[in-house]
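**Student:** Sequence and predicted structure, then a few things I'm wondering about:
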Protein chains: 2
Amino acid sequence: MHTRILEHTFEEYLEIAKTFHGAAAPGVLIGGFMVDAAIRNLPNGITYDAICETRSCLPDAIQILTPCTVGNGWLKIVHLGLFALTLYDKSTYEGARVFLDAKKVEPWREINAWYFKLKSSKEQKREDITREIGQAGSNILSVHQVKIQPEAVEKRHKGKIVVCPQCQEAYPLDDGAACMLCQGNTPYTQELQMQPDIFRSSNIL
Amino acid sequence: MHTRILEHTFEEYLEIAKTFHGAAAPGVLIGGFMVDAAIRNLPNGITYDAICETRSCLPDAIQILTPCTVGNGWLKIVHLGLFALTLYDKSTYEGARVFLDAKKVEPWREINAWYFKLKSSKEQKREDITREIGQAGSNILSVHQVKIQPEAVEKRHKGKIVVCPQCQEAYPLDDGAACMLCQGNTPYTQELQMQPDIFRSSNIL
């Protein structure tokens, strides 16, 4: 069993997780052991990329411990709803997929309750589950050797960038005759979007 | 014009960006000024969440400078292809949207060439564009006051978690009778997926 997370003790990693993630959440803590296990299952010295199969917590363990981030594109989040991550050789597409193994988790009462959401967040005691995670280390994980389909992780190129004739912002021409926002694909309320001059006037730059 | 990025000088931020993002890429550097501008356009002391309208570079500026990360869910990436970010009050959904303003960028030759991809990456000189970004500071940005549609940023709840009858991994029952991977929604090559026992045997844990 491994109880270290790369060069860190569990306690050290706990503090790093708090700083980046805002809390030492179970998913980020277990994720630390998962990244560690994936790296130990890769050949030494290779350049790797990452896949994360959930957007909850786990991407942060990867971003804390590896060079792979969402913004640099070396970490790709594939929404499969599984608590699993893969690190793979950029040149061969071969890698190690690490997952939280339901069978191995079963004896660990607090981790199991968290994983299968058997307790409400109020009933969960953070100290108990943190202690169990530190004790379990890599014992609750399994590793698969996998090969990635290159097209699944291919970088999409944005193509030509032009100015949107409606809002004057730069956007990828492939998106159509106007930017996605002006096409109505927006997380913002309409009344503000339709009065750009009003809210542009309040800039503090 | 602002040339500082929160409590950092541009040069300090450049080093932080290198460490997290792997390189002081133009998008992360400009992103630093964008986060700074967004925060200065919010009321003091509020708790905010983030929206990023592109997955390229910009999410890392947010993750470096704010408590919002992909893994903790406070940063949501909405794929609009626009170089813009919004920080908004969690309770009122009102916020500041900052974007790289094409009109203001025009006089800055290197930034403009990067933004509109007018030069190949070989033709771009990293030092020239970095220098321009430091000189331009917040001068190339504009800010909108926006209000978020709550449903656009709503957290999806995973619902009941069960064991997949095929691969025995835990997955959200809402996904169907088997997990997404076993349903064939997979970034991995099929031959390895179909022989779990072979690759499970090589675990190093």
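**Tutor:** Thanks, I have the structure now.
**Student:** Contact partners for the most centrally placed residue in chain A?
**Tutor:** Nearest residue to the geometric centre of chain A (C-alpha atoms, centre = their mean): A:Pro59, 1.7 Å. Going by C-beta atoms under 8 Å, 6 or more residues apart in numbering or on different chains, A:Pro59 touches A:52, A:70, A:75, A:77, B:69-71. Placement of C-beta: from N, CA and C, glycine included.
**Student:** is the helix or strand encompassing A:Gly27 anywhere near chain B?
**Tutor:** Element membership for A:Gly27, per DSSP states H and E: helix A:26-40. Yes. Using C-beta under 8 Å from any C-beta of the partner chain, helix A:26-40 reaches chain B at A:27-28, A:37, A:40.
**Student:** from the chain's centre, how far out does that helix sit?
**Tutor:** The chain centre lies 12 Å from the centre of helix A:26-40; the measure is C-alpha atoms, centre = their mean, to the nearest Å.
**Student:** Show me what the helix or strand just after that helix is packed up against.
**Tutor:** Where DSSP H and E defines the elements, the next helix or strand beyond helix A:26-40 is strand A:48-52. On a contact count with 3 or more C-beta pairs under 8 Å, 6 or more residues apart in numbering or on different chains; DSSP states H and E, strand A:48-52 meets helix A:58-65, strand A:75-77, strand A:84-89.
**Student:** Convert strand A:48-52 to PDB, retaining C-alpha atoms only.
**Tutor:** C-alpha atoms of strand A:48-52 as PDB (Å, rounded to 0.1, in the frame of the first residue of the first chain):
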ATOM      1  CA  TYR A  48       1.800  12.400 -20.400                       C
ATOM      2  CA  ASP A  49      -1.600  13.900 -20.800                       C
ATOM      3  CA  ALA A  50      -4.600  13.300 -18.600                       C
ATOM      4  CA  ILE A  51      -8.200  12.300 -18.900                       C
ATOM      5  CA  CYS A  52     -10.600  12.800 -16.000                       C
END
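**Student:** mean confidence for it?
**Tutor:** Per-residue pLDDT over strand A:48-52 has a mean of 98.
**Student:** neighbouring strands for that strand, and are they parallel or not?
**Tutor:** strand A:75-77 (parallel), strand A:84-89 (antiparallel) (DSSP bridges).
**Student:** Go through these and pick out the most buried.
**Tutor:** Of the strands paired with strand A:48-52, the one with the most neighbours on average (mean count of other C-beta atoms under 10 Å in any protein chain shown) is strand A:84-89, at a mean of 25.
**Student:** got the angle between that strand and helix A:58-65?
**Tutor:** On the basis of axes from the mean of the first three to the mean of the last three C-alpha atoms, to 10 degrees, strand A:84-89 is oriented at 40 degrees to helix A:58-65.
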